[in-house]
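Colleague: Everything below, folded, please.
(2 chains)
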There are 2 protein chains.
Amino acid sequence: MINKCLILAAGRGRRLSSLGEPKPLVRLLGLTLIERVILTLRRCGIEEFYVVTGYKGKEVRDFLDKLSIQKGIRIVHVINEEWEKENGLSVLKAKGKIKGKFLLCMCDHIFQESMVKKVMEYEPADEEICLCVDFRLNNPVIPDTNEATKVLVEDGRIKDIGKKLKKYNGYDTGLFLVSQKIFSAIEESIRRNNDSSLSGAIRILAKEGLVRAIDAGKDAFWIDIDDEKAYKRAEKELLNMFSQKDTDGPVSRYLNRYFSAKITKYLINTNITPNEISLFSFLMCIIASLAFLLGKYSYLLFGGILAQISSIIDGCDGEIARLKFQSSKFGAWLDAILDRYSDAFLLFGLTVYAYNPLKPLLTLSIGFLAIIGSFVNSYMADKYDQYMRREFQKLKKHKPIRIGRDIRVMLIFLGALMNQVFFTLVLIAFIMNLENIRRIIILYRNQEILD
Amino acid sequence: MINKCLILAAGRGRRLSSLGEPKPLVRLLGLTLIERVILTLRRCGIEEFYVVTGYKGKEVRDFLDKLSIQKGIRIVHVINEEWEKENGLSVLKAKGKIKGKFLLCMCDHIFQESMVKKVMEYEPADEEICLCVDFRLNNPVIPDTNEATKVLVEDGRIKDIGKKLKKYNGYDTGLFLVSQKIFSAIEESIRRNNDSSLSGAIRILAKEGLVRAIDAGKDAFWIDIDDEKAYKRAEKELLNMFSQKDTDGPVSRYLNRYFSAKITKYLINTNITPNEISLFSFLMCIIASLAFLLGKYSYLLFGGILAQISSIIDGCDGEIARLKFQSSKFGAWLDAILDRYSDAFLLFGLTVYAYNPLKPLLTLSIGFLAIIGSFVNSYMADKYDQYMRREFQKLKKHKPIRIGRDIRVMLIFLGALMNQVFFTLVLIAFIMNLENIRRIIILYRNQEILD
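Modeller: Model (predicted):
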């Protein structure tokens, strides 16, 4: 198993200097570029990181030393004083330090875990080298095709590589799986062509048929953060990617996530943790439900708005956790527990608001049914989501609608807005309990999917 | 991997005839003896069953054919007309039919899955044979040591075997893992000693050092159902074994299980399914909560008793499912969902009963807190149980007390009995919510155990 990676982080990145220098330490959504690359690779199984530093190298190394201690990651420094020359020299500095086969990537390329895993799955022969190639020639992450490194792939092997290729069918994603052969190839490229670029070495190996192309895939996301435009694009794409969840209901997907992504973009640059956001969202719901208890329309309206905002903020904890690699089982669990308490308090507040002394049993029963229906709806969500995942795989595009918390809170908000509290409780009681019965029937018919 | 088993079911079993004939079809806790052996082995990974039938063979084969179709099990018939002779002949009839290595056992021996798995883990050499041995010489399942087959084991190998051994250190459990060698050994035993018993063949192999002893383990349960006394003992032990759950709370463990085992013993001989029992228990709770709504002490008392009985019966579904190999993920899930609805209805009934128009908000809030506390208590039980399992493994004997549904329903019962409904709700609200907070703190401190 490949468990080592060489990361090139020696260059200056002048075109990105408006956002800060050195480039590896430019912050994007709460993490430096190099940190995001390292944490992405760690999740793919990489355990040892060799980082080549050059421009403002001490600053970068100090940062990496802190990261190493804080997160328990093995990071080996490789120093390249010739960082102003071509990047093949950076690779060459690692010769003798890094053994066997290893991943090779750039500190300013962001890529999805799935791409890395694809590359790591491949077992190259001792002499071989693999390059992850993007075959989507119109991929919008490559706005300037003049600047991109192009490749010509035939029968799964790279025939030629370079920025100036006339005939090409893919782009170099900057993600390699290499053997020790890479060092001699760079040396040969320098000797023979006076070319110390990594591409020069790959070109030599390609001529010998030693470079395999691995398809990044049709849905793969990667981007070379070369300038401010690419930086903005990366920010947007990452926010989009990490703010979606398969199990999102329609209100989350089409409304809440739009706002929560904006809040996340702001909060992610602070030190606020996902668990603190969960707690904050919970407290907002408690205040909202206390407002309901006061029994006046103005307070009701205030509480309803607060509840809806809380529901939006409740999406941020997960987004930030995923974007900053801070996800934890405990965090997800705590969030779910607090959501249950929040739901119950909101519905209890509404029940007291709607209480009619002339019809005590009716009004209390409806509130009670709304509470229990909502509870059980969440209680059965785990198993139902298993079913949903399978359905989604079958149907591909049409995600089945999921009735859950997002819809519940939206109904509470609308009910408060229109001062129709009793009607809202009736609606929630009906929708939730009917949905629960529907789920029991669905799972009864699909028992085999329960794991 | 071993995936075949030869089951000897040809004998008459005269000593058990008071309970019915033929022996393989004697029913024990809802299943025939042969059915229980087959279903136990199937759960251990056995896929092909070769069953030797003799006495009333057609009856047994008809039963097995039905079982085969109903449960989708491959069963091959082996007929032994000489069933009145020694049991080695039964084995010999399978020669040429069953290939490779296979398990060999008796239709009237009941054993725990863990024993079978231990035997199947062992990889014998081609010539070797393994016998699962019980080294507990005072094992109470062997009341008549004269009748038991004894073994002398030295250095993990069986030296001698027989009913009349003077020097021995273990008992033959009747569970073997054998190779084709067993057939030639039986033939040799007949030729040389005119002994057609299985023990005779094992004795010959043992002399050559070819029989390994596999320790059944200190906690293993197995029993040879030879007479009515052993039958009663097996019934008692199985009920005990299958009526306990690691996650049982104290009321379940020390009270409810005592009664539910008795009800299970009765219900298991009917066609009532575990899911039907879950539904029945749920309906009892609904009736109990409706009784609470009526607001009179007599109805309250009736409802409280009904709730407690329902809680006891709620244990039977799982017991029957386990004893009859009918456990399903859906069944366990449905049971949990119905329990949540039951709890909520009971507590809502009590809340309405305790409602005081002079202190409306107080009485409603307490009822609400009891409902939400109970619900979240169950909602977090999964993760908490992970923690409990680890703790239990560390502490071995002292199972930590688990506060859950059994305690809740018992409090409801006692509260109804003493007509102290408001106080009961206060108690449940406090205990459940405090327990929830305690669990959050515990899991926060033990995050690493969450899977």
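
Colleague: For residue A:336, pull up the helix or strand it's in.
Modeller: helix A:329-354 (DSSP states H and E).

Colleague: Which other helices and strands does the helix or strand following that helix contact?
Modeller: Going down the chain from helix A:329-354, the next helix or strand is helix A:360-379, by DSSP H and E. In this structure, helix A:360-379 packs against helix A:329-354, helix A:405-417, helix A:421-445, helix B:329-354, helix B:360-379, with contacts taken as 3 or more C-beta pairs under 8 Å, 6 or more residues apart in numbering or on different chains; DSSP states H and E. For every residue, glycine as well, the C-beta is placed using N, CA and C.

Colleague: The first one versus helix A:421-445: what angle between them?
Modeller: Using axes from the mean of the first three to the mean of the last three C-alpha atoms, to 10 degrees, the direction of helix A:329-354 lies 140 degrees away from that of helix A:421-445.

Colleague: Count the neighbours of the residue in the stretch 151-300 of chain A positioned nearest to chain B for me.
Modeller: Closest approach between the stretch 151-300 of chain A and chain B, counting by C-beta to the nearest C-beta: residue A:293, at 7.2 Å. The tally of other residues near residue A:293 (other C-beta atoms under 10 Å in any protein chain shown) stands at 17.

Colleague: before we move on, what about residue A:303?
Modeller: By the measure other C-beta under 10 Å, the count of residues near residue A:303 is 27.

Colleague: which residues touch it?
Modeller: Going by C-beta atoms under 8 Å, 6 or more residues apart in numbering or on different chains, residue A:303 touches A:287-292, A:346, A:349, A:416.

Colleague: Show me which of the residues you listed are buried.
Modeller: Taking 16 or more other C-beta atoms under 10 Å in any protein chain shown as the criterion, what is buried in these is A:288-289, A:291-292, A:346, A:349, A:416.

Colleague: Make JSON lines out of the helices and strands packed on helix A:360-379 and add mean pLDDT and distance to residue A:250.
Modeller: Below are those laid out as JSON lines (pLDDT from 0 to 100; distance: least, C-beta to C-beta, whole Å):
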{"stretch": "helix A:329-354", "mean pLDDT": "94", "distance to residue A:250": "18"}
{"stretch": "helix A:405-417", "mean pLDDT": "95", "distance to residue A:250": "7"}
{"stretch": "helix A:421-445", "mean pLDDT": "93", "distance to residue A:250": "13"}
{"stretch": "helix B:329-354", "mean pLDDT": "94", "distance to residue A:250": "24"}
{"stretch": "helix B:360-379", "mean pLDDT": "94", "distance to residue A:250": "24"}
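
Colleague: sorry, back to before: by contact count, what packs against the helix holding residue A:336?
Modeller: Using 3+ C-beta pairs under 8 Å, 6+ apart: helix A:329-354 touches helix A:274-293, helix A:297-313, helix A:316-323, helix A:360-379, helix A:405-417, helix A:421-445, helix B:360-379, helix B:421-445.

Colleague: for it, which positions count as buried?
Modeller: The neighbour-count check on helix A:329-354 (16+ other C-beta under 10 Å) flags A:330-354 as buried.

Colleague: What of stretch A:199-217?
Modeller: Quick answer for stretch A:199-217 (16+ other C-beta under 10 Å): A:199-206, A:210-216.

Colleague: What about those, which are in helices?
Modeller: A:199-206 (DSSP state H).

Colleague: got the residues you listed as JSON lines, with distance to residue A:378 and pLDDT columns?
Modeller: JSON lines is the format used below for these (distance: C-beta to C-beta, whole Å; pLDDT from 0 to 100):
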{"residue": "A:199", "distance to residue A:378": "53", "pLDDT": "90"}
{"residue": "A:200", "distance to residue A:378": "58", "pLDDT": "92"}
{"residue": "A:201", "distance to residue A:378": "56", "pLDDT": "93"}
{"residue": "A:202", "distance to residue A:378": "52", "pLDDT": "93"}
{"residue": "A:203", "distance to residue A:378": "57", "pLDDT": "92"}
{"residue": "A:204", "distance to residue A:378": "60", "pLDDT": "93"}
{"residue": "A:205", "distance to residue A:378": "55", "pLDDT": "93"}
{"residue": "A:206", "distance to residue A:378": "55", "pLDDT": "93"}
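
Colleague: quick check, nearest of the residues you listed to residue A:153?
Modeller: If you rank these by distance to residue A:153 using C-beta to C-beta, residue A:206 comes first, at 9.7 Å.

Colleague: For that closest one, give its distance to residue A:152.
Modeller: In this view, residue A:206 and residue A:152 are 9 Å apart by C-beta to C-beta, to the nearest Å.

Colleague: Ok, residue A:168 next?
Modeller: Residue A:168 is 5 Å from residue A:152, where distance means C-beta to C-beta.

Colleague: Now the phi/psi pair for the most far-flung residue of chain A relative to its centre, please.
Modeller: Taking C-alpha atoms, centre = their mean as the measure, the residue most remote from the mean C-alpha position of chain A is residue A:358, 53.1 Å away. Main-chain torsions, residue A:358, degrees, to the nearest 10: phi -80, psi -30.

Colleague: and if you look at residue A:105?
Modeller: Torsion angles, degrees, to the nearest 10, at residue A:105: phi -150, psi 180.

Colleague: That one and chain B, how far apart?
Modeller: Residue A:105 sits 30 Å away from chain B, going by C-beta to the nearest C-beta, to the nearest Å.

Colleague: Look up how far residue A:232 lies from that residue.
Modeller: 22 Å.

Colleague: These two: which is more packed in?
Modeller: The neighbour comparison of residue A:105 against residue A:232 (other C-beta under 10 Å) goes to residue A:105, with 24 against 13.

Colleague: Over to the nearest residue to that one once chain neighbours are set aside. Which of the three states is it?
Modeller: What sits nearest to residue A:105 in space, not counting adjacent residues and going by C-beta to C-beta, 6 or more residues apart in numbering or on different chains, is residue A:175, at 5.1 Å. Of the three states, residue A:175 takes strand according to DSSP: H, G, I helix; E, B strand; the rest coil.

Colleague: Many thanks, we can stop here.
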